[in-house]
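**Q** Sharing a model that was predicted from the sequence below.
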Amino acid sequence: MPSETADGKIDLHHLMRLLADEGFGEIMVEAGSELTSAFLAENLADEIVLYRSPKILGGGKDLFSLPENRAALSAPPLWTPVSSEILGHDIKTVFRKNGNAF
């Protein structure tokens, strides 16, 4: 069982070590903005697959829940788009982390 952080959330680094110990080499995380952002903030992702649809659902849901970082606008990009394809009315874009991910 993965350990918890001080704020009661699952320790993602410990979870990933447990999964690696069980033989998992790749993990797909399909999640909302909070968990996705936690994986990104902890540097635990080396690829992002983003699906977009031309449907407006409303409600103003965030794609990511990361703190504002205006310095990122002038910094070199952390992610490079490596492919994009149209799937019916949707668009799938794959991004890979620049440099050594781990």
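**A** Yep, that arrived.

**Q** quick one: buried residues of stretch 32-51?
**A** Using 16 or more other CB atoms under 10 Å as the test for burial, stretch 32-51 gives 36, 37, 38, 39, 40, 44, 45, 48. Yep, even glycine has a C-beta here, placed from its N, CA and C like the rest.

**Q** Farthest-apart pair in the residues you listed, please.
**A** 38 and 48 (13.8 Å; CB to CB).

**Q** Helix or strand: which one has the residue nearest to residue 84 when sequence neighbours are not counted?
**A** Spatially, and ignoring its direct neighbours in sequence, residue 84 is nearest to residue 93 (4.5 Å; CB to CB, 6 or more residues apart in numbering). Residue 93 belongs to strand 90-97 when assigned by DSSP states H and E.

**Q** Also residue 37?
**A** helix 33-41.

**Q** what angle separates that helix from strand 90-97?
**A** 30 degrees (axes from the mean of the first three to the mean of the last three CA atoms, to 10 degrees).

**Q** Off-centre distance for helix 33-41?
**A** Its chain's average C-alpha position is 6 Å from that of helix 33-41, according to CA atoms, centre = their mean, to the nearest Å.

**Q** Give the next helix or strand downstream of it.
**A** Counting by DSSP H and E, what follows helix 33-41 is strand 47-52.

**Q** Which residue ranges make up each domain of the protein?
**A** 1-45, 46-58+71-102 (automatic domain parsing).

**Q** Thanks again, I'm all set now.
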